[in-house]
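Asker: Here you go, sequence then predicted model.
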Amino acid sequence: MTKAEFAQMMGCEKTVIGMVHLLPLPGSPRYGGSMRAVFEAALRDLKALEGAGVKAAIIENFGDVPYGTENEFITLACMTSVAAQLRERTTMKLGINVQYNCAVEEWGMAYASGSNFIRVEAFVETRVGTHGITYPAAPALMREKGRYPAPTLLFCDVNTKHTEPLVPVPIADSIHEAIEEGADALIVTGVVTGQNPTLEQVQEFAAAAGDTPVLLGSGVNEKNAAEFFAVADGAIIGSSFKEEGNVWNPVDPQRVQSFMQTLTEAGYQV
């Protein structure tokens, strides 16, 4: 997918993607016992983003810590139910992200819920983190996509946060492989949630990506957004949109509105 095609699909020059961080789901250690509470919190955050002019959001099982490479069926089923219900209540572009790197499951969930894209943390890389070892998702995912085709896009990380490569590979090589194997957009992150990469790192990443869209995956805030958006095609915003900037808090509509206004004043169509 080219940058022009991506902008047309997302409906704006620069894409701001908010996060709908789900409360702990059934099957995770901290589940509170009420799926109604999970859905209502998710809908509140989604509507706060939508009301501030954000056109896209990722639904993520953020509360299901500690993450593993496998999730119980009930977790996936309940998350799909929430995603389908949210799909009926908004015209925003919606994505699915299941921690950690459950790409084939994400494809099925997006297929069932009518979601527009999925996020794949390890598409062409073998990564190591507290969740264990994650192997490249591309082989299985692209076969699943072939069996059950849909217009769902693949947003794929390269050198993603909270992990290290099992074997060091030049980032430019991983970018080339990700594009060749079917990534629609690429995500560049800092080392951890809420930490941004340097501008120079993003510039090098974008140069290697060529005409493939590049999204910032962490650390973008009101102060640095304008300079990052000059290089990237969009950003996924979590912490900066939350009350007091705390990623575990609900979305703060005023923080979102202020962020969007900053980009508009900088001359970006978002």
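Answerer: Structure received. Residues are numbered from 1 along each chain as shown.

Asker: only C-alpha atoms for contact and neighbour calcs from this point on.
Answerer: Noted.

Asker: So what's the residue count around I96?
Answerer: 27 (other Cα atoms under 10 Å).

Asker: Quickly note the distance from it to S81.
Answerer: 12 Å (Cα to Cα, to the nearest Å).

Asker: backbone phi and psi for A266, please?
Answerer: Taking degrees, to the nearest 10, you get phi -80, psi 0 for the backbone angles of A266.

Asker: Run through the stretch 101-250 of the chain and note the low-pLDDT ranges.
Answerer: The model of the stretch 101-250 of the chain has pLDDT under 70 over residues 191-195.

Asker: Give me the phi and psi angles of A56.
Answerer: phi -150, psi 150.

Asker: Of all the helix elements in this protein, which one is longest?
Answerer: Among the segments of the chain that qualify as a helix by DSSP state H, the longest is helix 35-51.

Asker: Mind checking what helix or strand follows that one in sequence?
Answerer: Next helix or strand after helix 35-51 toward the C-terminus (DSSP states H and E): strand 56-60.

Asker: Quickly run through the sheet partners of that following strand, with directions.
Answerer: strand 15-21 (parallel), strand 93-97 (parallel) (DSSP bridges).

Asker: Redo those strands as CSV? Include mean pLDDT and distance to V38.
Answerer: Shown next, in CSV, are the strands paired with strand 56-60 (pLDDT from 0 to 100; distance: least, Cα to Cα, whole Å):
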stretch, mean pLDDT, distance to V38
strand 15-21, 98, 10
strand 93-97, 98, 16
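
Asker: helix or strand for Q203, which one?
Answerer: Counting by DSSP H and E, Q203 is part of helix 199-209.

Asker: and that helix, how far out from the chain's middle?
Answerer: 19 Å (Cα atoms, centre = their mean, to the nearest Å).

Asker: Which neighbouring elements make contact with that helix?
Answerer: Helices and strands touching helix 199-209, by 3 or more Cα pairs under 8 Å, 6 or more residues apart in numbering; DSSP states H and E, are helix 171-180, strand 185-188, helix 225-229.

Asker: Would you check how far apart the residue lying closest to A140 once chain neighbours are set aside and V214 are?
Answerer: The spatially closest residue to A140, leaving aside those adjacent along the chain, is V104, at 6.8 Å (Cα to Cα, 6 or more residues apart in numbering). Distance from V104 to V214, counting by Cα to Cα: 22 Å.

Asker: Give me the more crowded residue out of these two.
Answerer: Of the pair V104 and V214, V214 is the one with more neighbours under other Cα under 10 Å, namely 27 against 20.

Asker: tell me the mean pLDDT over stretch 25-40?
Answerer: In this model, stretch 25-40 has an average pLDDT of 98.
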